[in-house]
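Peer 1: Take a look and give me a structure for this.
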Amino acid sequence: MDLVQHLSEQLRKLSPIETIPLICHCQAMTDYEVQSRIIFQNFLNKYTRQIEGLWIITSSSIIRYCGKLIGMFTKIPVHVIDQENQVSFQ
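Peer 2: Numbers count the residues shown, from 1 in each chain. The predicted structure follows:
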């Protein structure tokens, strides 16, 4: 099962009014793939109502930039941060 399938399955288990934050640990990512971004962006658009925010943890400038792009094309608030301890829920 790939990541999108797994996340989709988990989100389908939520009630229509429940939301969750999505935290992506991208510290080990070394490269950017356009096709992966498109798949992930489509996933985010499909589940916009159930994702209250996207937290991308990375020190990569490329991934930081792509995270900001994703934020421009979805209705989900995107936070690009350096460390997990910077995640804060409101």
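Peer 1: OK, contacts around the residue of the chain positioned farthest from its centre?
Peer 2: Note on the chain: the largest C-alpha distance from the chain mean falls to residue 15, namely 19.8 Å (Cα atoms, centre = their mean). Residues in contact with residue 15 (Cβ atoms under 8 Å, 6 or more residues apart in numbering): none are found. Quick note: C-beta positions are derived from backbone N, CA and C, even for glycine.
Peer 1: in the protein, which ranges drop under the pLDDT threshold?
Peer 2: Along the chain, the parts satisfying pLDDT under 70 run over 1, 90.
Peer 1: Show me where it has its strands.
Peer 2: Residue ranges of the strands in the chain, as given by DSSP state E, are 20-25, 51-57, 78-81.
Peer 1: need those in JSON lines with mean neighbour count and distance to residue 70, can you?
Peer 2: Converted to JSON lines, the strands of the chain look like this (neighbours: other Cβ atoms under 10 Å; distance: least, Cβ to Cβ, whole Å):
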{"stretch": "strand 20-25", "mean neighbour count": "15", "distance to residue 70": "10"}
{"stretch": "strand 51-57", "mean neighbour count": "19", "distance to residue 70": "7"}
{"stretch": "strand 78-81", "mean neighbour count": "18", "distance to residue 70": "6"}
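Peer 1: Turn those strands into JSON lines, including distance to residue 8.
Peer 2: JSON lines is the format used below for these (distance: least, Cβ to Cβ, whole Å):
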{"stretch": "strand 20-25", "distance to residue 8": "12"}
{"stretch": "strand 51-57", "distance to residue 8": "12"}
{"stretch": "strand 78-81", "distance to residue 8": "19"}
